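J.: A structural model of the following input is requested.
(2 chains)
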Amino acid sequence: GAVVSQHPSRVICKSGTSVKIECRSLDFQATTMFWYRQFPKQSLMLMATSNEGSKATYEQGVEKDKFLINHASLTLSTLTVTSAHPEDSSFYICSARGDDYEQYFGPGTRLTVT
Amino acid sequence: GQNIDQPTEMTATEGAIVQINCTYQTSGFNGLFWYQQHAGEAPTFLSYNVLDGLEEKGRFSSFLSRSKGYSYLLLKELQMKDSASYLCAVREDSGAGSYQLTFGKGTKLSVIP
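T.: Numbers count the residues shown, from 1 in each chain, chains lettered A, B, ... in the order given. Here you go, the predicted structure:
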């Protein structure tokens, strides 16, 4: 149990375009989902905390107008990178918190902006 | 805020024991996690400590001392597949029933024959 999926696993897009990443909790309901970003050889950095039905809470330095988060249901959160630039190329990982308060991570999405 | 420190890299021999330390400074401590992350993959959960003491799970054990702001992850009978980054993460109660998990920079463990 407690499986989290992400789609797509890899995406390449052109600079200036937008990319949407989906995070789904497959077998449990997640009232809270987290979005992380990880640059090569660096640790995970929390970008935002997303609660179902309310606005996401963004960490300092993360542009909320650039990284749009929607948590429309208890099993789905989406992260949209708008007007992507090469410096946005990174590994994006979501996690979902279940009733047991444990965080379960998705497999990650590797974004490359050319 | 939080300050989480762990060694950047460690090397150990197959079959041996290795201890990875983590120190932290935080307010509203609500648990410490250890994750394993292989290159290019998402982290996987290893252990969770919220009370002082040692938690053992197979070849992996984790220790916590809240008064010292200190934890370690102990890996026994090392295998080549244990080569990975090990992330220490501290959960902080940010009030109103919510919390935040902050990761250390990770310790890259290389297991050699």
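J.: The helix or strand bottoming out on mean pLDDT in chain A near chain B at all?
T.: The element with the least model confidence among the helices and strands of chain A, by mean pLDDT, DSSP states H and E, is strand A:103-105, at a mean of 85. Yes. Strand A:103-105 comes into contact with chain B (CB under 8 Å from any CB of the partner chain), by way of A:103-105. C-beta coordinates here come from the backbone N, C-alpha and C atoms, glycine included.
J.: just those residues now: which is nearest residue A:16?
T.: Residue A:16 lies nearest to residue A:105 out of the residues of strand A:103-105 next to chain B, by CB to CB, at 29.9 Å.
J.: wait, doesn't the closest one sit right on residue A:92?
T.: No. Contact criterion CB atoms under 8 Å: residue A:105 and residue A:92 do not qualify, at 11.5 Å.
J.: Pull up the overlap in contacts between the two.
T.: Common neighbours of residue A:105 and residue A:92 (criterion: CB atoms under 8 Å, 6 or more residues apart in numbering or on different chains): none identified.
J.: name the element the most centrally placed residue in chain A belongs to?
T.: Nearest to the geometric centre of chain A sits residue A:35, at 3.8 Å (CA atoms, centre = their mean). Using DSSP states H and E, residue A:35 maps to strand A:32-38.
J.: Which elements pack onto whatever helix or strand comes next after that strand?
T.: Next helix or strand after strand A:32-38 toward the C-terminus (DSSP H and E): strand A:45-51. Packing partners of strand A:45-51 (3 or more CB pairs under 8 Å, 6 or more residues apart in numbering or on different chains; DSSP states H and E): strand A:32-38, strand A:57-58, strand A:67-73, strand B:98-103.
J.: Apply 7 Å and report the result again.
T.: Contact here means 3 or more CB pairs under 7 Å, 6 or more residues apart in numbering or on different chains; DSSP states H and E; on that basis strand A:45-51 packs against strand A:32-38, strand A:57-58, strand A:67-73.
J.: and the first one, how far out from the chain's middle?
T.: What that stands for is strand A:32-38. Here the centre of strand A:32-38 is set off from its chain's centre by 5 Å, with CA atoms, centre = their mean, to the nearest Å.
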